[in-house]
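Predicted model follows, preceded by the sequence.
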Amino acid sequence: MSVPPPPGLSSKILIFLISVRAKIRDSTDGYSASNDYWLRCLYEDEKGDLEDVEKGFLKSTLLVKVYLTCYSMCELLMHHSLNRPSR
């Protein structure tokens, strides 16, 4: 049984994401992710400075995108709940 992709996500993109996930799991060249690799996503330009670890910390574009997505969803849910007809 096949599961349709989420709305707005084409099947080509979904297949690509699944293949990237498999390459990370298999540690394919260029796709390896060690235990501390995930910290890079918290730094500006995904590069930390060992001499000054606070430089660029929590300034990544990923965090901004996550924040904006969460904020947008909260706004949408609040708008939806305020405009819901009473029973």
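Received it, and whenever you're ready, just let me know what you need. Numbers count the residues shown, from 1 in each chain.

would residue 67 count as being in a helix?
Yes. Looking at residue 67 with DSSP: H, G, I helix; E, B strand; the rest coil, it is inside a helix.

where along this structure do the strands fall?
Here the chain has no strands by DSSP state E.

Would you mind listing where it has pLDDT under the threshold?
Residue ranges of the chain with pLDDT under 70: 1-10, 32-38, 80-87.

if you set the cut-off to 80 instead, what comes out?
1-14, 27, 30-39, 74-87 (pLDDT under 80).

Which parts of the chain are helices?
Per DSSP state H, the chain carries helices over the ranges 11-25, 61-82.

Looking at these, spot the one closest to residue 47.
helix 61-82 (12.5 Å; CB to CB). Placement of C-beta: from N, CA and C, glycine included.

To residue 31, which of the helices of the chain lies closest?
Residue 31 lies closest, by CB to CB, to one member of the helices of the chain: helix 11-25, at 4.0 Å.

hmm, back to that, can you put the helices of the chain in JSON lines and add mean neighbour count?
Below are the helices of the chain laid out as JSON lines (neighbours: other CB atoms under 10 Å):
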{"stretch": "helix 11-25", "mean neighbour count": "12"}
{"stretch": "helix 61-82", "mean neighbour count": "10"}
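
could those helices be laid out in TSV, adding distance to residue 45?
Converted to TSV, those look like this (distance: least, CB to CB, whole Å):
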stretch	distance to residue 45
helix 11-25	20
helix 61-82	8
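
Tell me which of these sits nearest to residue 51.
With distances scored as CB to CB, the stretch of those nearest to residue 51 is helix 61-82 (22.3 Å).

Name the residues that touch that closest one?
If you take CB atoms under 8 Å, 6 or more residues apart in numbering as the criterion, helix 61-82 is touched by 41, 42.

Nearest residue to residue 56 in space, ignoring adjacent ones along the chain?
residue 44 (3.6 Å; CB to CB, 6 or more residues apart in numbering).

quick one: contacts for that neighbour?
Here residue 44 is in contact with 56, 59, 60 (criterion: CB under 8 Å, 6+ apart).

Most neighbours among those, please name it.
For the contacts of residue 44, counting by other CB atoms under 10 Å, the largest number of neighbours falls to residue 60: 18 neighbours.

Before I go, just wanted to say thanks for your time.
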